[in-house]
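Novice: prediction below, plus the sequence it came from.
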Amino acid sequence: MSNTSIYDNPDHELLRDQVAKFIAKEVEPHAAVWEEQGFVPREVLRRMGQAGLFGLMYEGAYGGAEADALTNLVFAEALSQSTFAGFIITVLVHTDMASPHLHHAGNAAQKEKYLRRVIAGELITAVGITEPGAGSDVAGIRTTAKREGNEWVLNGTKMFITNGVHADLYFIAAKTGTGKRDMSMFIVEKGTPGFSVGRALKKTGWLSSDTAELILDNVRIPAGNLLGEEGRGFYSVMKNFQTERIALAAMAVGHCQQALKLTLDYVRQRQAFGEVLWSQQTIRQRLSMLDAKTRAARQFMYHCAWRVTQGHDIVQDVSMLKALTGELVNEVVQTCQQFHGGMGYIRETAIERLWRDARVLAIGGGATEVMLEEVAKRY
């Protein structure tokens, strides 16, 4: 299975190599312990920031690399060659889902205060949009922000927030008017009075990713913590969803690649009824078809990122991509787990971990059904 793409250049290969070496040294030997403790150590994330991996698309003035969307995709896909998805999503939320709000909408003072430290890995970020009664339906959020003099006062609850327990900086969506889409984004620092973790959530997968319920109880923040224009937060969230969904597609494709690699190795040596499993025609053919589907999805993913670099409207394409890869990864990983037999159901095996971690990729970041509606209404 080749990792090359028609959109590649030598810098992409250098980045893939850098990420692969980081994963081999800093992640794979230790990540099983992180699964047990429920979070990725912040010193590991700081080392990633120091290595220049947290600001690929951000301004050089703050330590970023000013790279394009293709380079950012290369990073996400390289990261997703790890079989520890809790680590992967911890990083991708910081780089592709939370901090882009500061990059896109932050003013000069906000960037000067925070962005350099975000890129360096000194501040880890989270984004608070989802609520107990509002997931893919962003306009349905109920958290409010009311202006009182030189402050905003926030009240509400956020749910399923990745990096929610241990983040330092949060970008929170809240209603600022009566209209359905009348919401704004706000910067909330950890430790702000009234802002707390309601509870850490226990998940089926992504075990080394800390996930939280967040409580905002009369949280007072300076007026200057409004992120972007008042009342334009909904559109900011929608814009950033495209970056987020490409990153999640990269995660899904990476899981497919790793599951196929593990399974091809396994069936070539596993004996059953006097011969290796690879000798069974149905196994060879099913794995070949899943590899073909994975390669096709990967090329579509790179095409979507290339269209970003060309300034095209990509909402329909990315919605297709998210739906396609979210379903494909579950098909691939479940089939590969089946071919591992009983070993595929044993904790601490990579294929069992991939099976648990893959499930949420058809839900998080836009459920498959929601994505297909986004596709359909644009025909």
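Specialist: That came through, no problem.

Novice: who does the closest residue to Glu189 other than its chain neighbours form a beta bridge with?
Specialist: Of all residues not flanking Glu189 in the chain, Leu169 sits nearest, at 6.1 Å (C-beta to C-beta, 6 or more residues apart in numbering). In this view, the C-beta of every residue, glycine as well, is placed from N, C-alpha and C. Beta-bridge partners recorded for Leu169 (DSSP bridges): Thr125, Glu189.

Novice: ok, Leu169 to Gly156 distance?
Specialist: Distance, Leu169 to Gly156, by C-beta to C-beta, to the nearest Å: 18 Å.

Novice: for Phe234, same thing?
Specialist: 15 Å.

Novice: go on, Ala51?
Specialist: From Ala51 to Gly156 the distance is 36 Å (C-beta to C-beta).

Novice: likewise Ala98?
Specialist: 18 Å.

Novice: where do the helices of the stretch 251-379 of the chain begin and end?
Specialist: Ranges of helices in the stretch 251-379 of the chain, per DSSP state H, counting those that start in this stretch, are 281-309, 315-339, 350-358, 368-376.

Novice: neighbour count for Ala98 and Gly156, which is higher?
Specialist: Ranked by neighbour count (other C-beta atoms under 10 Å), Ala98 and Gly156 place Ala98 first, with 26 against 21.

Novice: return the distance of that one relative to Ala167.
Specialist: In terms of C-beta to C-beta, Ala98 sits 8 Å off from Ala167.

Novice: overlap of the contact sets of these two?
Specialist: The contact sets of Ala98 and Ala167 overlap at Thr125, Ala126 (C-beta atoms under 8 Å, 6 or more residues apart in numbering).

Novice: just the pLDDT at the closest residue to Val188 other than its chain neighbours, thanks.
Specialist: Distances taken as C-beta to C-beta, 6+ apart place Tyr170 nearest to Val188, at 4.6 Å, with adjacent residues excluded. In this prediction, Tyr170 carries a pLDDT score of 98.

Novice: now for Tyr170: which residues touch it?
Specialist: Ala98, Thr125, Ala126, Val127, Gly128, Ile161, Ile187, Val188, Glu189, Lys190, Phe195, Leu214.

Novice: next, format the residues you listed as TSV and append pLDDT and distance to Gly274.
Specialist: Output for the contacts of Tyr170, formatted as TSV (pLDDT from 0 to 100; distance: C-beta to C-beta, whole Å):
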residue	pLDDT	distance to Gly274
Ala98	96	54
Thr125	97	55
Ala126	97	54
Val127	97	55
Gly128	95	57
Ile161	96	52
Ile187	98	65
Val188	98	63
Glu189	97	64
Lys190	96	60
Phe195	97	63
Leu214	97	57
